[in-house]
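[1] model the following, please.
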Amino acid sequence: MTILKHYISTSCISFTFSCLFYLLFSLLTIFPPMNEALIIHMLVISISINCLIFFTHRLPIQNSLLLRFIELLDVIIVLLVAGALFNIFPFTWHVTTFVVATGFLTYIIVIIVVFMGNQKSATEINAAIARKKGGSSIG
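    Numbers count the residues shown, from 1 in each chain. Got it, this is the predicted structure:
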């Protein structure tokens, strides 16, 4: 269940930040205006990216740097394929560069948020262990 929560959380985080970045670039007239269909497409893209990353995590890759690079490739591949399938953005160098940058930034933010969550959990676990050790030595 913990693994499922992880992938649901990362999907939500990536969807949220993808929408925010898209909205920002839309307001700057780099991307076309945001609409309801686009939001649904972005949700499908976020879920698809997480599914592909899930399968990537099943590969016997021991090098964490290589794993992160493949995850980033997963993000870019899904963005470009979905962009073409859903006709989300024009495939010009200018726009495609912003799409890839948005995917990269969103990926980095997801990694940071997950890391912060893991750090918080580790701190809580260490505090609970410390309390147990402290409580058992007193009694």
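
[2] which ones are touching Gly117?
    Listed by Cβ atoms under 8 Å, 6 or more residues apart in numbering, the contact set of Gly117 reads Ser9. All C-beta atoms are positioned from the backbone trio N, CA, C, and that covers glycine.

[3] could you measure from it over to Thr96?
    Using Cβ to Cβ, to the nearest Å, one obtains 32 Å as the distance from Gly117 to Thr96.

[4] does Val100 touch Gly83 like I think?
    No: contact between Val100 and Gly83 fails when scored by Cβ atoms under 8 Å: they sit 10.1 Å apart.

[5] point out where the chain drops to low pLDDT.
    Counting by pLDDT under 70, the chain shows low-confidence ranges at 1, 135-139.

[6] how far does the helix ranked longest in it sit from its chain's centre?
    Ranked by residue count, the top helix of the chain under DSSP state H comes out as helix 93-138. With Cα atoms, centre = their mean, to the nearest Å as the basis, helix 93-138 stands 12 Å off its chain's centre.

[7] and what of stretch 11-26?
    Remark: stretch 11-26 is offset 10 Å from the chain centroid, using Cα atoms, centre = their mean.

[8] alright, calling it a day.
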